[in-house]
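Asks: I'll drop the sequence and a predicted model, then ask my questions.
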Amino acid sequence: MSKDTLTITIDGKKIPATPGQTIMQAADAAGVYIPRLCWHKDLPAGGNCRVCTVKVNGRPQASCVFPAEEGQIIDNDTPDLKDFRCRLVEMHFVEGNHYCPSCEVSGECELQATAYRLGMITPTLPYMRPKHTVDASHPDVYIDRDRCILCGRCIRASQEVDGKSVFGFVGRGAKKKIAVNAEHNLGETDMTKADKAAEVCPTGAIVIKRQGYRIPYGQRKYDKKPIGSDIEQK
Ligand code: SF4
(Lines give C-alpha, C1' and ligand atoms only; values in the text may rest on other atoms or scores of the structure.)
Protein backbone atom coordinates (compact mmCIF):
# COMPACT_ATOMS: atom_id res chain seq x y z
CA MET A 1 0.00 0.00 0.00
CA SER A 2 1.48 3.36 -0.99
CA LYS A 3 1.91 6.13 1.56
CA ASP A 4 -0.76 8.04 -0.36
CA THR A 5 -3.29 5.44 0.66
CA LEU A 6 -4.26 4.46 4.15
CA THR A 7 -6.62 1.86 5.49
CA ILE A 8 -9.40 2.27 8.01
CA THR A 9 -11.78 -0.39 9.27
CA ILE A 10 -15.50 0.31 9.53
CA ASP A 11 -17.65 -2.34 11.18
CA GLY A 12 -14.92 -4.90 10.51
CA LYS A 13 -14.60 -4.01 6.81
CA LYS A 14 -11.26 -2.64 5.63
CA ILE A 15 -11.66 0.33 3.32
CA PRO A 16 -9.09 2.57 1.63
CA ALA A 17 -8.82 6.28 2.32
CA THR A 18 -6.51 9.06 1.22
CA PRO A 19 -4.81 11.60 3.47
CA GLY A 20 -7.09 14.60 3.88
CA GLN A 21 -10.28 12.63 3.50
CA THR A 22 -12.79 12.63 6.30
CA ILE A 23 -14.12 9.33 7.57
CA MET A 24 -17.42 10.06 5.86
CA GLN A 25 -15.75 10.75 2.52
CA ALA A 26 -13.84 7.49 2.69
CA ALA A 27 -16.96 5.59 3.76
CA ASP A 28 -19.04 7.12 0.96
CA ALA A 29 -16.42 6.20 -1.64
CA ALA A 30 -16.43 2.62 -0.36
CA GLY A 31 -20.22 2.31 -0.40
CA VAL A 32 -20.61 2.46 3.38
CA TYR A 33 -23.48 4.72 4.40
CA ILE A 34 -23.17 6.80 7.56
CA PRO A 35 -26.45 8.61 8.35
CA ARG A 36 -26.22 12.41 8.28
CA LEU A 37 -28.46 15.48 8.25
CA CYS A 38 -26.49 18.74 8.20
CA TRP A 39 -24.00 17.47 5.61
CA HIS A 40 -24.55 18.33 1.92
CA LYS A 41 -22.37 17.22 -0.97
CA ASP A 42 -21.91 20.74 -2.36
CA LEU A 43 -21.18 22.49 0.91
CA PRO A 44 -18.37 22.53 3.45
CA ALA A 45 -19.14 20.15 6.30
CA GLY A 46 -20.81 21.74 9.31
CA GLY A 47 -20.34 19.02 11.92
CA ASN A 48 -23.22 20.33 13.97
CA CYS A 49 -26.09 17.81 13.77
CA ARG A 50 -24.06 14.88 15.15
CA VAL A 51 -26.24 12.32 13.35
CA CYS A 52 -23.10 11.12 11.56
CA THR A 53 -21.40 10.26 14.85
CA VAL A 54 -19.30 7.11 14.71
CA LYS A 55 -16.95 5.64 17.27
CA VAL A 56 -13.30 6.00 16.31
CA ASN A 57 -11.13 3.71 18.39
CA GLY A 58 -13.96 3.76 20.93
CA ARG A 59 -14.52 7.52 21.03
CA PRO A 60 -17.53 9.33 19.51
CA GLN A 61 -16.61 11.63 16.61
CA ALA A 62 -18.53 13.47 13.88
CA SER A 63 -17.50 11.54 10.77
CA CYS A 64 -18.21 14.43 8.37
CA VAL A 65 -15.33 16.46 9.83
CA PHE A 66 -13.10 13.87 11.52
CA PRO A 67 -10.06 12.97 9.37
CA ALA A 68 -9.38 9.40 8.32
CA GLU A 69 -6.09 8.12 9.72
CA GLU A 70 -4.21 4.89 9.24
CA GLY A 71 -5.45 1.99 11.31
CA GLN A 72 -8.60 3.55 12.76
CA ILE A 73 -11.13 1.04 14.03
CA ILE A 74 -14.54 2.57 13.49
CA ASP A 75 -18.00 1.51 14.64
CA ASN A 76 -20.88 2.77 12.51
CA ASP A 77 -23.76 0.34 12.13
CA THR A 78 -24.19 -0.69 15.75
CA PRO A 79 -27.31 -0.80 17.95
CA ASP A 80 -26.04 1.88 20.33
CA LEU A 81 -25.13 4.32 17.55
CA LYS A 82 -28.42 3.65 15.80
CA ASP A 83 -30.22 4.37 19.05
CA PHE A 84 -28.17 7.56 19.59
CA ARG A 85 -28.98 8.80 16.08
CA CYS A 86 -32.62 7.88 16.49
CA ARG A 87 -32.82 9.99 19.66
CA LEU A 88 -31.26 12.97 17.86
CA VAL A 89 -33.77 12.68 15.02
CA GLU A 90 -36.60 12.22 17.48
CA MET A 91 -35.62 15.47 19.18
CA HIS A 92 -36.00 17.31 15.90
CA PHE A 93 -39.53 16.00 15.58
CA VAL A 94 -40.59 17.04 19.08
CA GLU A 95 -38.77 20.38 19.03
CA GLY A 96 -40.38 21.44 15.74
CA ASN A 97 -43.81 21.04 14.19
CA HIS A 98 -43.48 18.52 11.38
CA TYR A 99 -46.66 17.63 9.54
CA CYS A 100 -45.30 14.89 7.32
CA PRO A 101 -48.63 13.66 5.88
CA SER A 102 -49.48 17.12 4.52
CA CYS A 103 -46.00 18.56 3.89
CA GLU A 104 -45.27 19.19 0.23
CA VAL A 105 -41.74 17.87 0.73
CA SER A 106 -42.92 14.53 2.16
CA GLY A 107 -41.11 11.73 0.36
CA GLU A 108 -38.17 14.01 -0.41
CA CYS A 109 -37.43 15.21 3.12
CA GLU A 110 -34.13 14.00 4.54
CA LEU A 111 -35.34 14.25 8.14
CA GLN A 112 -38.35 12.04 7.38
CA ALA A 113 -36.25 9.63 5.33
CA THR A 114 -33.59 9.40 8.03
CA ALA A 115 -36.22 8.69 10.66
CA TYR A 116 -37.56 5.85 8.51
CA ARG A 117 -34.08 4.53 7.87
CA LEU A 118 -33.30 4.52 11.60
CA GLY A 119 -36.56 2.79 12.39
CA MET A 120 -38.15 5.67 14.28
CA ILE A 121 -41.87 4.99 14.47
CA THR A 122 -43.08 7.72 16.80
CA PRO A 123 -41.28 10.01 19.25
CA THR A 124 -41.05 8.86 22.85
CA LEU A 125 -40.36 12.37 24.15
CA PRO A 126 -43.18 14.90 24.72
CA TYR A 127 -43.92 17.30 21.87
CA MET A 128 -42.90 20.88 22.65
CA ARG A 129 -45.32 22.47 20.16
CA PRO A 130 -43.25 25.65 19.71
CA LYS A 131 -44.77 28.73 18.11
CA HIS A 132 -42.95 29.58 14.90
CA THR A 133 -43.58 31.96 12.04
CA VAL A 134 -43.89 31.46 8.31
CA ASP A 135 -42.16 34.04 6.12
CA ALA A 136 -43.96 34.14 2.77
CA SER A 137 -42.84 37.67 1.91
CA HIS A 138 -40.52 36.66 -0.93
CA PRO A 139 -42.14 36.25 -4.36
CA ASP A 140 -40.45 32.92 -5.07
CA VAL A 141 -39.31 31.35 -1.80
CA TYR A 142 -40.87 30.86 1.62
CA ILE A 143 -39.56 29.88 5.04
CA ASP A 144 -41.63 27.65 7.30
CA ARG A 145 -39.71 27.71 10.57
CA ASP A 146 -41.88 24.93 11.98
CA ARG A 147 -39.85 22.55 9.84
CA CYS A 148 -36.39 24.03 10.41
CA ILE A 149 -33.96 21.64 12.10
CA LEU A 150 -31.20 24.26 12.44
CA CYS A 151 -28.81 22.31 10.25
CA GLY A 152 -27.18 25.46 8.91
CA ARG A 153 -27.09 24.32 5.29
CA CYS A 154 -28.83 27.49 4.08
CA ILE A 155 -26.31 29.59 6.00
CA ARG A 156 -23.32 27.79 4.52
CA ALA A 157 -24.83 27.82 1.02
CA SER A 158 -25.62 31.50 1.12
CA GLN A 159 -22.19 32.40 2.46
CA GLU A 160 -19.94 29.95 0.66
CA VAL A 161 -21.71 29.49 -2.68
CA ASP A 162 -24.00 32.48 -3.21
CA GLY A 163 -21.74 35.01 -1.51
CA LYS A 164 -24.72 36.73 0.08
CA SER A 165 -25.07 35.79 3.78
CA VAL A 166 -28.85 35.90 3.57
CA PHE A 167 -29.30 33.47 6.48
CA GLY A 168 -27.98 33.22 10.01
CA PHE A 169 -28.95 31.90 13.42
CA VAL A 170 -30.28 34.12 16.18
CA GLY A 171 -31.09 33.20 19.77
CA ARG A 172 -29.87 30.36 21.94
CA GLY A 173 -31.16 27.03 23.13
CA ALA A 174 -34.87 26.51 22.54
CA LYS A 175 -35.12 30.09 21.20
CA LYS A 176 -32.55 29.57 18.48
CA LYS A 177 -34.01 30.10 15.02
CA ILE A 178 -33.08 30.81 11.45
CA ALA A 179 -33.12 34.52 10.60
CA VAL A 180 -32.57 36.59 7.49
CA ASN A 181 -30.24 39.48 6.82
CA ALA A 182 -32.94 42.14 6.61
CA GLU A 183 -34.91 44.30 8.99
CA HIS A 184 -38.14 42.34 8.65
CA ASN A 185 -38.31 39.40 6.26
CA LEU A 186 -36.92 37.37 3.37
CA GLY A 187 -38.62 39.57 0.78
CA GLU A 188 -36.27 42.40 1.73
CA THR A 189 -33.12 40.38 0.98
CA ASP A 190 -31.36 39.86 -2.34
CA MET A 191 -32.07 36.13 -2.35
CA THR A 192 -33.31 34.58 -5.60
CA LYS A 193 -34.84 31.16 -6.22
CA ALA A 194 -31.72 30.28 -8.23
CA ASP A 195 -29.55 30.63 -5.11
CA LYS A 196 -27.92 27.51 -3.70
CA ALA A 197 -29.52 28.41 -0.37
CA ALA A 198 -32.92 27.82 -1.94
CA GLU A 199 -32.16 24.22 -2.91
CA VAL A 200 -30.24 22.71 0.00
CA CYS A 201 -32.76 22.61 2.84
CA PRO A 202 -33.14 18.98 3.95
CA THR A 203 -36.74 19.53 5.08
CA GLY A 204 -39.64 21.72 4.00
CA ALA A 205 -38.34 24.76 5.85
CA ILE A 206 -37.09 26.62 2.78
CA VAL A 207 -39.24 25.86 -0.23
CA ILE A 208 -39.44 27.34 -3.70
CA LYS A 209 -43.00 28.43 -4.35
CA ARG A 210 -45.27 26.99 -7.04
CA GLN A 211 -43.33 23.76 -7.51
CA GLY A 212 -44.76 21.63 -4.71
CA TYR A 213 -46.43 18.33 -5.52
CA ARG A 214 -44.87 18.16 -8.99
CA ILE A 215 -44.02 14.54 -8.27
CA PRO A 216 -46.95 12.61 -6.77
CA TYR A 217 -46.62 10.90 -3.40
CA GLY A 218 -45.41 7.36 -3.94
CA GLN A 219 -43.08 8.37 -6.73
CA ARG A 220 -40.70 10.59 -4.83
CA LYS A 221 -37.05 9.98 -4.09
CA TYR A 222 -37.37 8.34 -0.69
CA ASP A 223 -40.72 6.68 -1.44
CA LYS A 224 -38.76 4.37 -3.71
CA LYS A 225 -35.49 3.74 -1.92
CA PRO A 226 -34.29 4.46 1.63
CA ILE A 227 -31.98 7.39 2.13
CA GLY A 228 -28.36 6.27 1.73
CA SER A 229 -29.17 3.68 -0.96
CA ASP A 230 -27.31 5.69 -3.59
CA ILE A 231 -24.13 5.41 -1.51
CA GLU A 232 -24.57 1.72 -0.77
CA GLN A 233 -25.09 0.92 -4.44
CA LYS A 234 -21.68 2.29 -5.46
S1 SF4 B 1 -34.01 26.49 6.99
FE2 SF4 B 1 -33.53 24.43 6.21
S3 SF4 B 1 -31.38 24.57 5.57
FE4 SF4 B 1 -31.78 26.34 6.90
S5 SF4 B 1 -31.16 25.68 8.96
FE6 SF4 B 1 -33.38 25.26 8.76
S7 SF4 B 1 -33.52 23.14 8.04
FE8 SF4 B 1 -31.41 23.80 7.71
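Replies: Sure thing, it's come through.
Asks: Tell me the confidence at the residue sitting nearest the centre point of the chain?
Replies: The centre of the chain sits closest to L37, judged by C-alpha atoms, centre = their mean, with a distance of 2.0 Å. At L37 the predicted local confidence, pLDDT, stands at 97.
Asks: element containing it?
Replies: For L37, there is no enclosing helix or strand under DSSP states H and E.
Asks: And the longest helix belonging to the chain, how far out from the chain middle?
Replies: With DSSP state H setting the assignment, residue counts place helix 79-95 as the longest helix in the chain. Remark: helix 79-95 is offset 13 Å from the chain centroid, using C-alpha atoms, centre = their mean, to the nearest Å.
Asks: do the same with stretch 141-148
Replies: Computed by C-alpha atoms, centre = their mean, the separation of stretch 141-148 from the middle of its chain amounts to 15 Å.
Asks: try stretch 47-55
Replies: Using C-alpha atoms, centre = their mean, we find the averaged C-alpha position of stretch 47-55 to lie 10 Å away from the chain's own average C-alpha position.
Asks: And for stretch 222-234?
Replies: 15 Å.
Asks: From start to finish, how long is it in a straight line?
Replies: End-to-end distance of stretch 222-234: 17 Å, with C-alpha to C-alpha, to the nearest Å as the criterion.
Asks: Give me the average confidence score over that stretch.
Replies: The predicted model gives stretch 222-234 an average pLDDT of 94.
Asks: Show residues contacting the worst-scoring helix or strand of the chain on mean pLDDT.
Replies: Taking all helices and strands of the chain together, the one with the lowest average confidence (mean pLDDT, DSSP states H and E) is helix 221-224, at a mean of 94. The set of residues external to helix 221-224 that reach it, using C-beta atoms under 8 Å, 6 or more residues apart in numbering, is G107, E108, C109, Q112, A113, Y116, Y217. Any C-beta I mention is one placed from the backbone N, CA and C, and that applies to glycine too.
Asks: Great, nothing more from me.
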